[in-house]
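A.B. asks: below is the sequence, then the predicted model.
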Amino acid sequence: MNATPQVLKIRRPDDWHIHLRDDDMLSTVLPFTSEVFGRAIVMPNLTPPVTTVEAALAYRARIMAAVPAGHHFTPLLTCYLTDSLDPDEIARGFEQGVFTAAKLYPANATTNSQHGVSDVKTIYPVLERMQKIGMPLLIHGEVTHSHVDIFDREAYFIDEVMEPVRRQFPELKIVFEHITTKDAAEYVLEGNQYLGATITPQHLMFNRNHMLVGGVRPHLFCLPILKRNIHQEALRNVIASGADRFFLGTDSAPHTKGRKESSCGCAGCFNAPLAMPAYATVFEEMNALHHLEAFCSLNGPRFYGLPVNEDFIELTRMAVTQPEEIALGEDCVVPFLAGQTLNWKVTAC
Ligand SMILES: NC(=O)N[C@@H](CC(=O)O)C(=O)O
Ligand SMILES: [Zn+2]
Ligand SMILES: [Zn+2]
């Protein structure tokens, strides 16, 4: 007997990787997250990026001002690492509880990463300090050399950057963000308690054929790019195994419809409106619903050294069709899985 439960009650989840943006976009997208999730690690790739304690405090205030009444949500801010960042500024932000972690974007790897780090050795003094104070380093793990194929950039990153950094700083807590390959899944599995990883709904549900066969689907284009099916299978297997250093990070990354459906479309999937139903769908398909709560609500806090949330949410097995568009002033955002039907709905939160 392995009957699927109709209602799942799980401890309130957190989203350990999200882009909330700013201004109208922030107030449009935030409620989808703050309704369901207790906390979220908020990415700092604004224009200009969040690189100082003052900028983070101001951003946190703008986020809090956009949280609808009745939602209980705590944004966890991150510092965008650049070649010139002062270790004292990072440490001050961490010690004052403003920065929960720091984010390493290799320069030009993804959206708004032009101010990112040109060579990781440049920031070794910062990493040394972070290791000392126990501050987690979050990494967009892709090399950017033009001769490396876009589908191989994550695997190359492991040998070229991740492994040397981990050897140099063996007790630095590192989150390998939004992993997309079998190589990364195996690498994190083989690692120790200082290494964790987030996985997005899109990388669990899709591979590059879904994005490219029969026409290009710009709303599945994100970075790191969807890979071939063996990689998708590896990610699905790792979460179904219940491995406890993998956790929920949606990488929800909204861009307006016009900027996605374009001759040079932006990377990013706006999955916040259906993140929990999407993860539940995958865990159900893998016969692993018993591991859903740990992935969504327990593994992340344990890795970050934070308490788990005290309250619970409920998911009910029922068909829900996603909206085609979400209005944003005169413009709109197209959510991940627009117009498609999922079999889970958050019914109490
Ligand atoms: N994931 C994406 O495709 N895009 C993110 C940046 C990122 O997380 O790499 C964005 O900010 O748009
Ligand atoms: Zn990224
Ligand atoms: Zn991201």
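C.D. replies: Structure received. Ligands and ions are numbered 1, 2, ... in the order given.
A.B. asks: where does the stretch 151-300 of the chain dip in pLDDT?
C.D. replies: Along the stretch 151-300 of the chain, no part satisfies pLDDT under 70.
A.B. asks: strands along that one, start to end?
C.D. replies: Here the stretch 151-300 of the chain has its strands, by DSSP state E, counting those that start in this stretch, at 174-176, 195-199, 246-248.
A.B. asks: relative to ligand 1, which of those strands is closest?
C.D. replies: strand 195-199 (10.2 Å; Cβ to the nearest ligand atom). For every residue, glycine as well, the C-beta is placed using N, CA and C.
A.B. asks: what packs against the closest one?
C.D. replies: strand 174-176, helix 182-190, helix 229-240, strand 246-248 (3 or more Cβ pairs under 8 Å, 6 or more residues apart in numbering; DSSP states H and E).
A.B. asks: rerun that using 6 Å as the cut-off
C.D. replies: strand 174-176, strand 246-248 (3 or more Cβ pairs under 6 Å, 6 or more residues apart in numbering; DSSP states H and E).
A.B. asks: CA atoms only: put it into CSV for me.
C.D. replies: Extracted C-alpha coordinates of strand 195-199, given in CSV (Å, rounded to 0.1, in the frame of the first residue of the first chain):
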residue,chain,number,x,y,z
LEU,A,195,28.6,22.0,1.5
GLY,A,196,24.9,22.3,0.6
ALA,A,197,22.9,22.9,-2.6
THR,A,198,19.6,24.4,-3.7
ILE,A,199,17.5,23.0,-6.5
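A.B. asks: so who does L138 touch?
C.D. replies: 101, 103, 175, 177 (Cβ atoms under 6 Å, 6 or more residues apart in numbering).
A.B. asks: returning to that earlier point: same list (the helices and strands packed on strand 195-199) but as CSV, adding mean neighbour count and distance to ligand 1.
C.D. replies: Below are the helices and strands packed on strand 195-199 laid out as CSV (neighbours: other Cβ atoms under 10 Å; distance: least, Cβ to the nearest ligand atom, whole Å):
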stretch, mean neighbour count, distance to ligand 1
strand 174-176, 26, 12
strand 246-248, 26, 15
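A.B. asks: if we can go back for a sec, of all the contacts of L138, which comes closest to ligand 1?
C.D. replies: Closest to ligand 1, out of all of those and judged by Cβ to the nearest ligand atom, is E177, at 7.1 Å.
A.B. asks: that closest one: neighbouring residues, count only.
C.D. replies: 24 (other Cβ atoms under 10 Å).
A.B. asks: for it, grab phi and psi.
C.D. replies: phi -80, psi 150 (degrees, to the nearest 10).
A.B. asks: and of the strands of the stretch 151-300 of the chain, who's closest to ligand 2?
C.D. replies: strand 195-199 (9.8 Å; Cβ to the ion).
A.B. asks: ok, and what's touching that closest one?
C.D. replies: By Cβ under 6 Å, 6+ apart, strand 195-199 touches 16-17, 174-179, 188, 235, 245-247, 249, 303.
A.B. asks: go with 7 Å
C.D. replies: 16-17, 174-179, 184, 188, 235, 239, 245-249, 303 (Cβ atoms under 7 Å, 6 or more residues apart in numbering).
A.B. asks: what does the stretch 101-250 of the chain put close to ligand 2?
C.D. replies: 110, 140 (Cβ under 5 Å from the ion).
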